[in-house]
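Q: Got a predicted structure here, sequence first:
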Amino acid sequence: MRAMRRAPAPWAPAPSGLVRLGLALAAAAAVATIAACGNDDQTTVRLTIRQGSSFREAAESLAAHDIIGNPRLFGFYAARRGLDRNTRYGTYLIRRGAGWNEVLDALQKGQGIVNRLTIPEGWPLWDIVPAMAKTLEIPTESLEVAVRDTLLIQRVGAPLGTTTLEGYLFPDTYDVPFGSSAREAVERLVARFEAVWKPEWTTRLGEINMTRHQVVTLASIVEKEVRRGEERPVVAAVYSNRLRIRMPLQADPTVQFAQRRRPGRVLYKDLRVESPYNTYRRIGLPPGPIASPGAASLEAALYPANVPYIYFVARPDGYHEFRRTYEEHLAAIRMVRSRPRTDSSSNANSRAALDSALQAVGVPRATFDSLTRRPPG
C-alpha cells in the first residue's frame, strides 16, 4: 500500500528558486524607489571626491555627509546601471535631499563640481586675475576682458571713464561651479559686493556728500594702509580730514599702485611719478580704487572716527601714532625711529628661525623684508 502524499501546508516555504526571485524583485523595486525619490531637504553639502578614489570611497563619503543612506546598496545600484566606473573627481556641492539618480548623474557629468576661490582683502586686480585664472582654470586673457566689461562697470555705478572693476571684486571665499566662464566668475564677485553693500550705506552717502565710487576708493586706501583692524576708522578719519581741508592725502599705497609695485619702502624719487594716483602731487582722491576693500574698510570710510588727526606714522608693531600738527608728527617719527624693531636682539631666535625658513625656500631676506615692511607715514 503506497503512502499518501500530503499536500504542503499553506505556510510551508516556497521552493528556493522562487524565494530568490521574489527577493530579487522586491529588492530591485525598493532600490528603484529609493533611487527615484529624494526629499525636500535643500541643504547644500560640500564634499570632495579625491582623484584616484574608488566608487566605494565616494559612496561612503556621500553617506558620511547624509546624502545617501546605505553606501553598499547605492554601490550595488550604481554597478547594475554601469555608473560606478566613470566618476568625475573634484569638490562638489550636492543637495542633501537629492535622489540616487540625481547624485549619480552629477558624479558622471561633473554637475555640481566647484572650485574654491579665496580673494584676500586689499588685493588689486593684478593679483586677483592670476589667482582666478589658476584656481578656476580660466584663461587670463578672458578674465582681463571680463574685468573691463562695460555693463558690469555701469552696474556698480562707477563714473564714466572707469575702465576696470578695480575695487568691486569683493574679497571673500567663493565656491565657483566648474566650467564657469570668465564673465560668470567675475559677475559672481561683483554680486557679492552688491550683496554686502547695505541700503543704509547708500543713505549715508548723501550725509557725507560722497559717491559710492569715492567711498570704495577711500576704503581701498584704508585697506592697504591698515594692519590692525581696529585702526580703520581712525585712518579713514585722517584721510577724510585731509580731504575736507584740501590737503594732499600723501598715501604711499597710491604711489605703489601708480607704479604697479607691491608694498615696500617708498623713496623720495618715487613721489615724483607722474600719475593721477600719486596723491603726493595731486589733491583729492585718486580716480578710482587701488584694491578690493572688505566690509570693515567700507564701513570705516562711511563712518570715520570723530578725531582731529591729520597725520600718522606706522610703528614697527603695525600700529600707528596719530597726531594733529606737523610738529607733533615729526616728534612721533623721531620716537618711532628710536624704538628698537621687533626683530632686534630681543627676538634673535625668531629671526634665526625665519632666516632658516627663507633659506629653505630660496627667498633672500632682503626680498622678504621689502615685501613685508611698512613704510612710515
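A: Yep, it's here. Everything quoted here is computed from the prediction, not taken from an experiment.
Q: When you work out contacts or count neighbours from here on, use the C-alpha atoms and nothing else.
A: Fine.
Q: which stretches of the stretch 201-350 of the chain form strands?
A: Chain-ordered strands for the stretch 201-350 of the chain, with DSSP state E, counting those that start in this stretch as the definition, fall at 311-314, 320-323.
Q: so which of the ones you listed is the most packed in?
A: strand 311-314 (a mean of 22; mean count of other CA atoms under 10 Å).
Q: Let me know the average pLDDT across that one.
A: In this model, strand 311-314 has an average pLDDT of 94.
Q: now stretch 171-191
A: The average of the pLDDT scores along stretch 171-191 is 95.
Q: So for that stretch, what gets flagged as buried?
A: Neighbour counts over stretch 171-191 (16 or more other CA atoms under 10 Å) mark 171, 174-179, 181-183, 185-191 as buried.
Q: Kindly check the end-to-end length of that stretch for me.
A: In terms of CA to CA, to the nearest Å, the two terminal residues of stretch 171-191 are separated by 12 Å.
Q: just stretch 128-144 next, same as before
A: Across its full length, stretch 128-144 reaches 10 Å between end residues, using CA to CA.
Q: need the contact list for residue 226.
A: Taking CA atoms under 8 Å, 6 or more residues apart in numbering, we find residue 226 in contact with 232, 235, 318.
Q: How many residues are close by residue 231?
A: Using other CA atoms under 10 Å, the number of residues around residue 231 comes to 18.
Q: Could you measure from it over to residue 220?
A: Distance of residue 231 to residue 220, given as CA to CA: 14 Å.
Q: picking that back up, just the buried residues of the contacts of residue 226.
A: 232, 235.
Q: tell me which element residue 179 is part of?
A: With the criterion set as DSSP states H and E, no secondary-structure element contains residue 179; it sits in neither a helix nor a strand.
Q: oh sorry, the question was meant for residue 129
A: Using DSSP H and E, residue 129 maps to helix 125-136.
Q: buried residues in the helix or strand just after that helix?
A: Tracing the chain C-terminally past helix 125-136 and defining elements by DSSP H and E, one meets helix 140-146 next. Under the neighbour-count criterion of 16+ other CA under 10 Å, helix 140-146 has 140, 143-144, 146 buried.
Q: which residues in the stretch 101-250 of the chain form helices?
A: Across the stretch 101-250 of the chain, reading from the start of the chain, the helices by DSSP state H, counting those that start in this stretch fall at 125-136, 140-146, 150-155, 182-196, 199-208, 212-225, 232-244.
Q: coming back round to it: relative to residue 120, which of the buried residues of helix 140-146 is nearest.
A: When these are ranked by distance to residue 120 (CA to CA), residue 143 comes first, at 17.9 Å.
Q: low pLDDT regions in the stretch 201-350 of the chain?
A: Screening the stretch 201-350 of the chain residue by residue with the criterion pLDDT under 70, one finds the ranges 341-350.
Q: and if we set it to 50?
A: Residues of the stretch 201-350 of the chain meeting the criterion pLDDT under 50: 343-350.
Q: Enumerate every residue touching residue 256.
A: For residue 256, the contacting residues are 262-263, 266, taking CA under 8 Å, 6+ apart as the criterion.
Q: let's see 6 Å
A: Contact analysis of residue 256 by CA atoms under 6 Å, 6 or more residues apart in numbering lists nothing.
Q: And for residue 289?
A: Residues touching residue 289, when contacts are defined by CA under 6 Å, 6+ apart, comprise 166-167, 217, 220.
Q: ok, how many other residues are close to the closest residue to it other than its chain neighbours?
A: Take residue 289 and drop its neighbours on the chain: the residue closest to it by CA to CA, 6 or more residues apart in numbering is residue 217, 3.9 Å away. Using other CA under 10 Å, the number of residues around residue 217 comes to 26.
Q: In contact with the nearest residue to residue 124 once chain neighbours are set aside: list those residues for me.
A: Nearest in space to residue 124, with sequence neighbours left out and distances taken as CA to CA, 6+ apart, is residue 291 at 4.0 Å. Contacts were defined as CA under 6 Å, 6+ apart; by that measure residue 291 touches 122-124, 167, 220.
Q: Next: residue 60.
A: The neighbourhood of residue 60, defined by CA under 6 Å, 6+ apart, consists of residue 71.
Q: Now the helix or strand it falls within: buried residues?
A: Secondary structure from DSSP H and E places residue 60 in helix 55-64. Applying a neighbour-count criterion of 16+ other CA under 10 Å, the buried positions in helix 55-64 are 55, 58-63.
Q: just stretch 79-88 next, same as before
A: Judged by neighbour count using 16+ other CA under 10 Å, the buried positions of stretch 79-88 are 83-84, 87-88.
Q: got the CA coordinates for it in CSV?
A: C-alpha atoms of stretch 79-88 as CSV (Å, rounded to 0.1, in the frame of the first residue of the first chain):
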residue,chain,number,x,y,z
ALA,A,79,27.1,48.9,-10.6
ARG,A,80,23.9,47.4,-12.1
ARG,A,81,23.4,50.6,-14.1
GLY,A,82,27.1,50.7,-15.1
LEU,A,83,27.6,54.0,-13.5
ASP,A,84,30.3,53.1,-11.0
ARG,A,85,33.4,53.5,-13.2
ASN,A,86,33.3,57.0,-14.7
THR,A,87,33.1,59.2,-11.7
ARG,A,88,34.3,62.8,-12.1
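Q: Which residues outside it are in contact with it?
A: With contact meaning CA under 6 Å, 6+ apart, stretch 79-88 is reached by 55, 78, 107-108, 110.
Q: Next secondary structure element downstream of whatever helix or strand residue 79 lives in?
A: Assigning secondary structure by DSSP H and E places residue 79 in helix 71-80. Following helix 71-80 in sequence order, the next helix or strand is strand 90-95 (DSSP H and E).
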